[in-house]
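1. Pasting the sequence and the predicted model now:
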Amino acid sequence: MVRTLKDWPVIADQIERRPLMASAEEFAKEYGNLRTGRPVVLTGVPLPPSYTERLSDEGLRRTLGDVMLPVMVAAEGQFATGTGPWDPKKFRIVEMTLSEYFDRLQGKRPDPILAEGERCYIYQCPPNKLGTLLEDLPLSHLIPAEANVVNRYTWMGEGTITVAHYDTEENFLLQLRGKKRVLLFSPADHDNLYFNRNGTVHDRHTRVDFTKVDDEQFPNFRKARAYETVLEPGEMLYIPICWLHHIETPTFGISVNTWWMTPELLKIHYAFDTLCGEIDKGVRPEVQRMCLQVMQDRIFNPVNP
Ligand SMILES: O=C(O)CCC(=O)C(=O)O
């Protein structure tokens, strides 16, 4: 049985909700910017009318039932994400047809592939694996024209938790079917979130298991402020770069996310990668410290704010 966070120990604020705005400029002014930006749920995203039928169980079985898809399997339905190396003891990818996947959701035993307690998730699925299913879904008009779209993925599952992690891109998560519960934490809470070290397995993930918080090991975690929402079809969550997200899909749901980078963010990435690359080469600790101090100073005391 997948454990969700109904007993979340802190009172979470609700993420602001706004009707979809008309232009990328309007979005960037209040939300999608590195200075005063913040998460927001945008409501009323127009979905093609045929989606209800197309994304129904019958519609999906009819059009994609025989298509082989990569499906991630995880114990207790807790899935990791990110580009870092995965722990092979906890996660594996299995190929199965979409029809086999749907049959499997009913949890009939014995199952030749899934052990007791394991769940599967059509996870970070590239659009080309799904044929023409979502080809008429335009990129959001809120992504600035000069931005670089890094990736777009589909997520289809039931009884899954995507464990808390942050990404190093801007993100729109659009719900197409079912509901998704999301908790976000600001990067300002970094010190309360106990991340794995950069470059290690599952870096960008917190070490705190949200379903059973160990207060002794992670004493500051309860100080972190959570922001919550439940996404419904036609709602799109803006997850700003570096915001930690924990995502629950209790009943069957489908969503699509788009990661993008503004030219300003690309420059910051480049500077950061260069610095980390030098540090990884084993630069003397005092040089590392100076680099970090200069960077910190530039961040907190900018010359031209
Ligand atoms: O929907 C999910 O389960 C995960 C989505 C996610 O982690 C993302 O869009 O970055």
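-> Good, I have the coordinates.
2. burial of P49, as a residue count?
-> P49 has 8 neighbouring residues, counting by other CB atoms under 10 Å. In this view, the C-beta of every residue, glycine as well, is placed from N, C-alpha and C.
3. For the stretch 51-200 of the chain, give me the ranges with low pLDDT.
-> For the stretch 51-200 of the chain, residues meeting the criterion pLDDT under 70 lie at 81-86, 198-200.
4. Give me every residue in it that's in contact range of the ligand.
-> For the stretch 51-200 of the chain, the residues in contact with the ligand (CB under 6 Å from any ligand atom) are 81, 155, 162, 167, 171, 173.
5. Next, give me the two most distant ones among those residues.
-> Maximum pairwise distance among those (CB to CB): 13.6 Å, between W155 and D167.
6. So for the two, which sits in the more crowded spot?
-> Set side by side, W155 and D167 show more neighbours around W155, with 24 against 21, by other CB under 10 Å.
7. Is the more buried one part of a helix or strand, or is it coil?
-> At W155 the chain is in strand, as set by DSSP: H, G, I helix; E, B strand; the rest coil.
8. For the closest residue to it other than its chain neighbours, give me its contacts.
-> Nearest non-adjacent residue to W155, counting by CB to CB, 6 or more residues apart in numbering: S255, 5.0 Å away. If you count contacts by CB atoms under 8 Å, 6 or more residues apart in numbering, S255 has them with 154-155, 173-176, 180, 231.
9. ok, S255 to the ligand distance?
-> Separation of S255 from the ligand (CB to the nearest ligand atom, to the nearest Å): 5 Å.
10. Give the pairing partners of the helix or strand that contains that residue; include direction for each.
-> Using DSSP states H and E, S255 sits in strand 253-261. According to DSSP bridges, strand 253-261 forms sheet pairs with strand 148-157 (antiparallel), strand 170-177 (antiparallel).
11. Format the ones you listed as CSV; extra columns: distance to R222.
-> Shown next, in CSV, are these (distance: least, CB to CB, whole Å):
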stretch, distance to R222
strand 148-157, 29
strand 170-177, 26
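12. what's the most buried one of the ones you listed?
-> Among the strands paired with strand 253-261, the stretch with the highest mean neighbour count (mean count of other CB atoms under 10 Å) is strand 170-177, at a mean of 23.
13. who's in contact with whatever helix or strand comes next after it?
-> The helix or strand immediately downstream of strand 170-177 is strand 180-185, counting by DSSP H and E. The contact list for strand 180-185, computed with CB under 8 Å, 6+ apart, reads 4-5, 8, 12, 15, 39, 164, 173, 193, 210, 224-231, 237, 239, 243-250, 253, 255.
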